[in-house]
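Q: sequence plus predicted model, see below.
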Amino acid sequence: MMNNNGMQLLKASEATQQAKLLSVQANLQVLLNNSVGIGEHTDLVADVLCFVEEISQANDNLEVVRSLIEHVRSNSKSLTDGEGLAGHI
């Protein structure tokens with residue numbers, strides 16, 4: 001069974017990815033809705049796609065971390081035994 005430190009690490013990872021997602025979404029929103037400072041961006045499409053990729057990655061990471069948290073909550077087995085992480089990544 002995972003100790004409390006392990007769950008704290010998973011919850012911290014979840015919070016980190018949530019913060020990353022909110023940050024990137026805010027930056028994208030500013031880029032799309034605020035013309036101030038756009039002159040310094042030479043390739044706006046590339047900038048938008050960069051933000052989209054970061055959002056996708058944060059969402060993917062959140063999905064994996066939440067799956068791991070659910071696995072730990074619903075299963076008393078250690079993440080290092082035969083059924084550990086393999087089925088959740």
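A: Nice, thanks for sending it over. Numbers count the residues shown, from 1 in each chain.

Q: show me what counts as buried in the helix or strand hosting Val48.
A: In this assignment (DSSP states H and E), Val48 forms part of helix 44-74. Buried positions in helix 44-74, judged by neighbour count with 16 or more other C-beta atoms under 10 Å: Asp47, Phe51, Glu54, Ala58, Asn61, Leu62, Val65, Leu68, Ile69, His71, Val72. Bear in mind the C-beta positions are built from the backbone N, C-alpha and C, glycine included.

Q: report the contact partners of the fifth one.
A: So the one you mean is Asn61. Ser13, Gln17, Lys20 (C-beta atoms under 8 Å, 6 or more residues apart in numbering).

Q: ok, and the most crowded of those residues?
A: Most neighbours among those, by other C-beta atoms under 10 Å: Gln17, with 20 neighbours.

Q: for that residue, give me its contacts.
A: By C-beta under 8 Å, 6+ apart, the residues touching Gln17 are Ala58, Asn61, Leu62, Val65.

Q: quick check: closest non-adjacent residue to the residue nearest the centre of the chain.
A: Closest to where the C-alpha atoms of the chain average out (C-alpha atoms, centre = their mean) is Ala58, at 2.9 Å. Once flanking residues are discounted, Ala58 sits nearest to Leu21: 4.1 Å by C-beta to C-beta, 6 or more residues apart in numbering.

Q: the one you found contacts Leu62, correct?
A: Yes - if you go by C-beta atoms under 8 Å, Leu21 and Leu62 touch, sitting 6.9 Å apart.
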